[in-house]
Every structure is written in structure tokens, then in C-alpha cells.
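sequence first, predicted model second:
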Amino acid sequence: MKKTQIILLCAGILAFITAGISIVNPDVYQNFVDPDYIAESIGQDIITLIAAGFVIIISLCFKKASSRLRLTGLGLLIYLAYAYAIYAFGGVYNILFFNYIAILGLSVFGSFYLATDSLYKIREEEGNTKHRGKFAKTTAVFLSVTVILLGMIWITSAAEHITNHTKARETVIYVLDLSLILPLFAVSAITLFRRKTEGWYLGVVTMVKALTIGLSIVTGQLVKYFRGLEMDWFLVILFGTFTISALIINIIMKPEL
């Protein structure tokens, strides 16, 4: 097996086990995650379990995987890194803490290796691939709106904490989104607007990330509902619309690659 395959497989298996344990035994979050957020953490774990399963499958068929499948794997690794960075940097010192660190490290290094391997695969397929760009503008608009809306929401919320001199529970999310995720979305949108070839490949990665994070938030709200807790209807409507849009774009982008 190639180094990339091994890292993918290890990250997938460890994330699958970790998410599975958290779903079966949500008490691992007690004393570390605010009670109002435990249901949302379970929702994220459900999506992580599915994402990790796909990572394992991609690792096992890596040699025959197309560039799109590899880029999908890259998007899933970025999601895993993001999800477990929240717990690792958020100080969730439960029995799974070292798993969080390991998954974060494997996902980050795996992303670098997978990005490199994907570039080689893209060059091999480039002669047989036609980029019609039919949905470039739609994808670019979606990513741009996401950057503007989430950027405004996070900056406004962070500014309130700065003004009130209070600590935010969402600090890690603000930092990750404003410093890494939203800039990545912005770069993807710009390259898509300019109809550059690399924009499509970057678009696959960012749209997979958008879909997984949207699903995790919506699933978290559904878990709250089934546990008899009050849902945050603002998040349900915002990220419900966001997730459906991301799903549709992920589907219509498939023929383009």
C-alpha cells in the first residue's frame, strides 16, 4: 500500500471507531461539552461516522480511484481535521482525547499527500477530461454567499464577545472558519468565476466540505429534537437551505469532471 493509502485508512478507521464510541456512549462529553451542545456533538458524530466510512472505502480502492474520487477524499479529510480540531483545541479531555489529536494529525498529513497524488492523477486524466464549466457560476455564487453570510455572522458574534469582554464557547470554530475554511471557499469561488481549470478541482473539495459540515449541523438539531430538546430554528433553516443547496451542486458538478 502507498503511504497515502495507509494514512487514509488509519484516519478513516480511527475516526469511525471514535465517532462510534461517542454515539453509543454520549457520556464521554459530560463535563467537557456544554449540555446544550451534546446533542449537536452526537449529530456531528453521526456524519463523521459516515464520512469516515467513505474515507476507508476510498483508501481501499485508491489505486483505481479517479481524480474526482480522490478529491472527494480530500474534502472528507478536511472535514475530519476540522471536526476533531474543535475537540482537540477545545480541551475535551475525555478518554478519546488522544484519538482526537491522532485523527487531526493523520487528516492534515493525509490531506497534503492526497492533494499531491490527486495532482498527478489529474494530469494523467487531463487529456480525456472536458471542463464545460456549465455550473461554474452557480457553484461560485454559492461559495461566495457562504463566505459573506458566515463571515458576517461569526465576525458579529465574535465582536459582541470582544465588546462584552466575555469568552465564547465557539472560539475554535470562529478561528478555523475565519482563518482557513472561509478563505479556502473564497479562493475556490474566485477561480470558478474566472473559469480556471483548477477551480473545478478545488470546487469539488470545498463543496464536499460544505456538504459535510451542513449535514453535521442539521443532524445535530434533529438529534436535539429526538432527545426532547428545543431546536434552534435559525440554524435549521439556514443550514438546511445550505445543505440542500450543497447537495444539489455536488450532484450537478459530477458530470463536469
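Received it, and whenever you're ready, just let me know what you need.

element containing the most centrally placed residue in the chain?
Centroid-nearest residue in the chain: Tyr79, 2.8 Å away (criterion: C-alpha atoms, centre = their mean). Under the criterion DSSP states H and E, the helix or strand holding Tyr79 is helix 67-89.

can you point out the buried residues in that helix?
Residues of helix 67-89 classed as buried: 67-88 (neighbour count, 16 or more other C-beta atoms under 10 Å). Just so you know, the C-beta spots here come from the backbone N, C-alpha and C atoms, and that holds for glycine as well.

next one: stretch 178-197
Using 16+ other C-beta under 10 Å as the test for burial, stretch 178-197 gives Ile181, Leu182, Leu184, Phe185, Ala186, Val187, Ser188, Ala189, Thr191, Leu192, Phe193.

quick one: the fifth one from Thr146, how far?
Applying C-beta to C-beta, to the nearest Å, one obtains 9 Å for the distance of Ala186 from Thr146.

who are the contact partners of Gly199?
Going by C-beta atoms under 8 Å, 6 or more residues apart in numbering, Gly199 touches Ala136, Ala140, Ser188, Ile190, Thr191, Leu192, Phe193.

ignore what I typed, I meant Ile7.
Shown in contact with Ile7 (C-beta under 8 Å, 6+ apart): Leu106, Phe109, Gly110, Tyr113.

now, which of the residues you listed lie within helices?
Mapping the contacts of Ile7 onto helices (DSSP state H) picks out Leu106, Phe109, Gly110, Tyr113.

where does pLDDT dip in this protein?
Low-confidence segments of the chain (pLDDT under 70): 1, 120-135, 252-257.

can you lay out the contacts of Gly199 as a markdown table showing secondary structure and distance to Val92?
Shown next, in a markdown table, are the contacts of Gly199 (DSSP: H, G, I helix; E, B strand; the rest coil; distance: C-beta to C-beta, whole Å):
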| residue | secondary structure | distance to Val92 |
| --- | --- | --- |
| Ala136 | helix | 40 |
| Ala140 | helix | 36 |
| Ser188 | helix | 30 |
| Ile190 | helix | 35 |
| Thr191 | helix | 36 |
| Leu192 | helix | 36 |
| Phe193 | helix | 39 |
